[in-house]
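Novice: Give me the fold of what follows.
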Amino acid sequence: MISKANVSDLLSLYNIEKEVFLNDPFSMSKNSLKYHILKNDLFKIEVDGFVAGYILWLERKKYYRLYSLAISSKFQNRGLAKKLLEYSFENLKDKNFSLEVKVSNESAINLYKKFDFKINKNLEDYYENEDGYLMIKETF
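Specialist: Here you go, the predicted structure:
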């Protein structure tokens, strides 16, 4: 089941964040996650009553920016990221989409390409010790 996250999900979301983005300088703090729950489009996916992952979108004037997508290791390889993306595109309308991804994250890049994201630009040293790609999905 996918729904908008609320503050009662904060601890579960934070635990996923710490697990998936361990030692990542871009990982969000608990306060940052709470802010995004209250101010942005943060959708959670539940499996058997457990929060298994989330997707966070930041709305801009002309597009949505995918800020973070994380699935707990206990629930990976079940198509949950795909479901979160499908849900997002059904519920966030009338805008284009963008994201940044590490060039080494081939599984994520391949997933995004399945949803018609195209590599728009190479972002030199975007991540610590690694380039990134700016990917764009134009819907109109």
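Novice: what sits against Phe26?
Specialist: Tyr127 (Cβ atoms under 8 Å, 6 or more residues apart in numbering). (Each C-beta comes from the backbone N, C-alpha and C, glycine too.)
Novice: Show the model's pLDDT score for it.
Specialist: Note on Phe26: pLDDT of 80.
Novice: That one - that's part of a helix, no?
Specialist: No: Phe26: not assigned to a helix; according to DSSP: H, G, I helix; E, B strand; the rest coil it is coil.
Novice: Chain neighbours aside, what residue packs nearest to the spatially most central residue of the chain?
Specialist: Using Cα atoms, centre = their mean, the residue of the chain that lies closest to the mean C-alpha position is Leu69, 2.3 Å off. Excluding the flanking residues, the one nearest Leu69 by Cβ to Cβ, 6 or more residues apart in numbering is Ile55, at 4.8 Å.
Novice: Kindly export stretch 10-21 (C-alpha atoms) in CSV.
Specialist: The C-alpha coordinates for stretch 10-21 follow below in CSV (Å, rounded to 0.1, in the frame of the first residue of the first chain):
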residue,chain,number,x,y,z
LEU,A,10,9.2,9.4,11.0
LEU,A,11,11.1,6.8,13.0
SER,A,12,10.5,4.1,10.3
LEU,A,13,11.6,6.5,7.5
TYR,A,14,14.6,7.6,9.4
ASN,A,15,15.7,4.0,10.0
ILE,A,16,15.4,3.3,6.3
GLU,A,17,17.4,6.5,5.5
LYS,A,18,20.2,5.4,7.9
GLU,A,19,20.3,1.9,6.5
VAL,A,20,20.2,2.8,2.8
PHE,A,21,22.4,5.9,2.9
